[in-house]
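*Asks:* Please find the sequence and the predicted model below.
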Amino acid sequence: MLAASTDNIKELDVQGSLSDQINAPKPRIWPGVKAGLTEAKEAIENKNLTLAEQLLREILEFAPAEPEPWHILAAILNRKGDKDEAKACLRRALKIKKTNIELQPALPASKRMAKLLWAQDDTSAALNMLAELLLESPDDQELIALQQTWTATT
């Protein structure tokens, strides 16, 4: 009989992973940014703002460094009356547009993906993804610690 265990898994963020799974969007088979934006825009044209918001949040779960979904989400939230979150989304879109880093469009940025790349000895990609994540969350202590550890070992 097989039993699940995290004892032998290196660099796995076990703490908080259950709450992350509960709160994380549960996308169907994710179509990617371009197809997701097309679906969201169609939902807006059909006046289905709830579906459009859901689709945009799914896109942002996997590709948070894309400015267009943040901008569209800001407009939807504003229309729905959630002015504070709409302003936050708009600020994020503007911040991303001002950033001049070269993103790797094939890889969505996530802490888990960065750790996986690092574990697979793809240090350059892991450090680039970590830099993207730090742009989004510059005060995240775990990201800062990872950056210090990883840069010290390279």
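*Replies:* Now that the structure is in, tell me what you want to look at.

*Asks:* burial of residue 79, as a residue count?
*Replies:* 12 (other C-beta atoms under 10 Å). For every residue, glycine as well, the C-beta is placed using N, CA and C.

*Asks:* ok, now which ones touch it?
*Replies:* For residue 79, the contact set (C-beta atoms under 8 Å, 6 or more residues apart in numbering) comprises residue 49.

*Asks:* Could you check how far it is from residue 112?
*Replies:* Computed as C-beta to C-beta, to the nearest Å, the residue 79 to residue 112 distance reads 33 Å.

*Asks:* Then residue 58?
*Replies:* For residue 58, the distance to residue 112 equals 17 Å [C-beta to C-beta].

*Asks:* Can you pick out the residue with more neighbours from these two?
*Replies:* Shown here are residue 58 and residue 112; by other C-beta under 10 Å, residue 58 has more neighbours (20 against 12).

*Asks:* for the helix or strand where that one lies, what is the average pLDDT?
*Replies:* Using DSSP states H and E, the element containing residue 58 is helix 49-62. Here helix 49-62 scores 92 as its mean pLDDT.

*Asks:* next one: it to chain centre, how far?
*Replies:* Between the centre of helix 49-62 and the centre of its host chain there is 12 Å, according to C-alpha atoms, centre = their mean, to the nearest Å.
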